[in-house]
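>>> show me how the following folds:
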Amino acid sequence: MDEKEIWSKAKEELAQTVPTYKMWIEPLEAVSFDGNILTLITAHALAPQAIKSQHNTKILEALKHSAGQDISYNIIFDEEFAERYRREKKKELQKTKNTDNSDKMLDNLAQMQSSANLNLKYKFSNFVVGENNRFAHAAALAVAQSPAKKYNPLFIYGASGLGKTHLMQAIGHYIVFNKPKLKVKYIKTEEYYNEYIKNLQTGGNDKTNRMDKFRQKYRNVDVLLIDDIQFIESKTRTMEEIFHTFDSLHNNNKQIVITSDRLPKDIPTLPDRLRTRFEMGLMVDIMPPEFETRVAILKNLAQNANVKTDQDVLEYIAENFINNVRELEGAFNKVSAYADIEKSDLTLAFAKRVLNCESRKSEISIEDVAKSAGEYFGVTVNDFKSSARNQRVSSARHIAVYLSREITGRSFESIAEYFNKKHTTMLYSYDKIKNDLKVNKKLENTVSEIKRMINHV
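Numbering: from 1, shown residues only. Have a look, this model is predicted:
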């Protein structure tokens, strides 16, 4: 079978299974079938993203039934094809006087995406779900599917670089593409603050009108996505403005989604009336990804970037970059860029040479780890080395031992020598923290924070 036959047969099945077939699937045209990959062209610029995010599974199933084997596909926006398609559609409309609004709908979607201030990069389809973020992902998807019906507000919190913004913007994209009648607005709190201050401080007789327009911009929406709300800390007038915006939206049954690097109760100077409103819906946290999830994230990055590499390279990066997704992505981008520039295969040896993680680890000493852990818990290195058995010193020491082993890779004998303890005691501390991390999210946060402190020593 050639590409035309495969696609024609697949379209027959898709016409029965895809509700938006006429808008997205019908205009696609097959142009090649090479290396088990079917290439399709489209007349709509937004189609590659929209189709992949909404109908990928159904297309793959239809292609398998059509070709009799598993095959993959690419969708490419082709300007010449787009122009030809529009001309043909125009002729059809003139003949049938059929007011097909698909192009208009697509234009509206593009405008909505732009006005919503969303980044095309962040979608549910490329968000890697693991144990660290499974509940947050489920809550975000529920909000996207039923805005203002569940979990309002939705408050997502966690350390920087773990995917809060990704999830928030994925909610916005889902609504734009699946509920186009709803108006979505995404804003970083810092940008909101700067815009508010600018309108507040600019003189002139139209100040009242400017402030009214500013307020309506964020209150006349169906879904408001506010990123990094912790930025309002100590900004009294901005907190007052957000309070009234929150009440206006919530009282009108509009969806609010908020992200922060901490819980509302941990944001100093946040007024009780604002804190209780943030806490009245659902609060979900995102933790640092575990090893398996880090590997899955790297696989996803490699596939999206069309980078060929072995499993051991991905595992090497996942073992050495453990704090957050942003760090993982940075390490992957670095090795893939070097491989591209040097025209080299991305092998384990190549990754080790570029990232040099062994050298980086050797530069961090057990003392660096102990000092950071001590600073976090408010104890000294001498306390660690003493025979003190109070709970705070003991808990801090367990974590310091665990991180000494994980980060420096030093032997338990060396760690025992530094802490002035027995080898078996170090083994107990390490195993205790390792096992507790599997069930204790608060401990995960603590360990992640101390790791960040160590990396900045």
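>>> and Leu225, what helix or strand is that in?
strand 223-227 (DSSP states H and E).
>>> tell me how far the helix or strand that that strand is followed by is from the chain's mean position?
Towards the C-terminus, the helix or strand next in line after strand 223-227, according to DSSP H and E, is helix 236-251. Using C-alpha atoms, centre = their mean, to the nearest Å, the mean C-alpha position of helix 236-251 is found 26 Å from that of the whole chain.
>>> next, the angle from helix 236-251 to strand 223-227.
Taking axes from the mean of the first three to the mean of the last three C-alpha atoms, to 10 degrees, helix 236-251 and strand 223-227 form an angle of 150 degrees between their directions.
>>> quick one: contacts of helix 236-251?
152-153, 192-193, 196-197, 200, 215, 218-219, 221, 224, 226, 229, 232, 255-256, 269-271, 273-274, 277 (C-beta atoms under 8 Å, 6 or more residues apart in numbering). To be clear about C-beta, it is placed using only N, CA and C from the backbone, and glycine gets the same treatment.
>>> in it, which residues are buried?
Residues of helix 236-251 classed as buried by neighbour count (16 or more other C-beta atoms under 10 Å): 238-239, 241-242, 245-246, 248-250.
>>> thinking again about what came up before, starting at the chain centroid, how far to the strand holding Leu225?
If you compare the mean C-alpha spot of strand 223-227 with that of the full chain, they lie 15 Å apart, counting by C-alpha atoms, centre = their mean.
>>> and that strand, which strands flank it?
As defined by DSSP bridges, the strand partners of strand 223-227 come to strand 184-188 (parallel), strand 255-260 (parallel).
>>> quick one: contacts of that strand?
The set of residues that contact strand 223-227 without belonging to it, under C-beta under 8 Å, 6+ apart, is 147, 164-165, 168-169, 171-172, 175, 182-189, 192, 218, 242, 245, 249, 254-259.
>>> same check on stretch 47-66?
1, 5-7, 9-11, 13-14, 17-18, 20, 24-25, 27-28, 38, 42, 70-73, 75-77, 106, 109, 120, 123-125, 173, 177-178.
>>> so for it, what gets flagged as buried?
Applying a neighbour-count criterion of 16+ other C-beta under 10 Å, one finds 47-55, 58-59, 62-63, 66 buried in stretch 47-66.
>>> OK, contacts around Phe419?
For Phe419, the set of contacting residues under the criterion of C-beta under 8 Å, 6+ apart consists of 370, 384-385, 397, 400-401, 426.
>>> Provide the backbone phi and psi angles at it.
Reported as degrees, to the nearest 10, the phi and psi values for Phe419 are phi -80, psi 0.
>>> any idea how far it lies from Glu413?
Distance of Phe419 to Glu413, computed by C-beta to C-beta, to the nearest Å: 11 Å.
>>> do Tyr85 as well
Distance, Tyr85 to Glu413, by C-beta to C-beta: 71 Å.
>>> between these two, who's got more neighbours?
When neighbours are counted by other C-beta atoms under 10 Å, Tyr85 comes out ahead of the other of Tyr85 and Glu413, with 18 against 9.
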